[in-house]
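Asker: no sequence for this one, just the structure:
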């Protein structure tokens, strides 16, 4: 199967914000004398709205402090590097003029500093965030909107994801899905999904789907 465009997830796929957010949450909880959350509890929120986690934090440390926690995370995320395999893939796709876009459950306004630090607004044809849809992942809305704005059929687009929530959203929308896991998502069970690939290098993706 050859694809005509790529839609990237953002958090945990383009940059490793998942580990950073987990550490930031526990830093703030400890600052307020609260018990740190477990890695398993955090993993359950990855790739989706994370509303249960958000509510838990507000109950533990308060609304303003939770806002400060996320502000801290977004400010520091702007200094994180792009995952090297993704940087290489984007370069290969650009050489072939393959359109690229981002579909993220994060708010575009929150991640804008990070997007700009990585020069992504100039490289992406479309960037779709939580403010652009009714429901975030695992609902398909983000991917459907990204594909619609690319003016392509979902089956002609490839999604790159790192989580079950994200991969489910992309598959439900009709895209082919590659999952490249990170330390936070490598233990997730992807067996229920019909992935076209898992933990592939940039060269493997390029050779198999764009040559």
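Answerer: Okay, I see it. All values derive from a computational prediction rather than experimental measurement.

Asker: From the rest of the structure, what touches the lowest-mean-pLDDT helix or strand in the chain?
Answerer: Here the helix or strand of the chain ranked lowest by mean pLDDT, DSSP states H and E is helix 39-43, holding a mean of 91. Outside helix 39-43, the residues that touch it by Cβ atoms under 8 Å, 6 or more residues apart in numbering are 21, 22, 25, 53, 184, 185, 187, 188. For glycine as for every other residue, the C-beta is placed from the backbone atoms N, C-alpha and C.

Asker: Per-residue pLDDT of the residue of the chain most remote from its centre, please?
Answerer: Distance to the chain centre peaks in the chain at residue 33, reaching 30.5 Å (criterion: Cα atoms, centre = their mean). Per-residue confidence at residue 33 stands at 97 (pLDDT).

Asker: separation between it and residue 99?
Answerer: In this view, residue 33 and residue 99 are 49 Å apart by Cβ to Cβ, to the nearest Å.

Asker: So which of the contacts of helix 39-43 are in strands?
Answerer: Judged by DSSP state E, strands contain none of these.

Asker: Just the buried subset of those, please.
Answerer: Applying 16 or more other Cβ atoms under 10 Å to the contacts of helix 39-43, the neighbour count classes 21, 22, 25, 53, 184, 185, 188 as buried.

Asker: in the protein, which spans are helices?
Answerer: Remark: helices assigned in the chain by DSSP state H are 17-31, 39-43, 51-61, 63-77, 84-95, 108-117, 120-123, 141-150, 164-173, 202-210.

Asker: Dump the contacts of helix 39-43 to TSV, plus distance to residue 148.
Answerer: Output for the contacts of helix 39-43, formatted as TSV (distance: Cβ to Cβ, whole Å):
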residue	distance to residue 148
21	29
22	33
25	34
53	30
184	30
185	27
187	34
188	28
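
Asker: between these, which is closest to residue 4?
Answerer: Distances from residue 4 to the contacts of helix 39-43, taken as Cβ to Cβ, are shortest for residue 185 (26.8 Å).

Asker: Just give me how far stretch 201-211 sits from the chain centre.
Answerer: Counting by Cα atoms, centre = their mean, to the nearest Å, stretch 201-211 is centred 20 Å from the centre of its parent chain.

Asker: right, and residue 162 touches residue 47 too?
Answerer: Yes - the criterion here is Cβ atoms under 8 Å, and residue 162 meets it with residue 47 at 7.3 Å.

Asker: what's the overlap in contacts for the two?
Answerer: Both residue 162 and residue 47 are contacted by 9, 11, 12, 185, under the criterion Cβ under 8 Å, 6+ apart.

Asker: Kindly indicate the member of those residues with the most neighbours.
Answerer: Neighbour counts for the shared contacts of residue 162 and residue 47 peak at residue 9, which has 28 neighbours (criterion: other Cβ atoms under 10 Å).

Asker: residue ranges with poor pLDDT in the chain?
Answerer: Across the chain, not a single residue meets the criterion (pLDDT under 70).

Asker: domain ranges for it?
Answerer: As given by automatic domain parsing, the domain ranges for the chain are 5-16+81-210, 17-77.

Asker: gap between the two ends of stretch 57-66?
Answerer: One end of stretch 57-66 sits 6 Å from the other (Cα to Cα, to the nearest Å).
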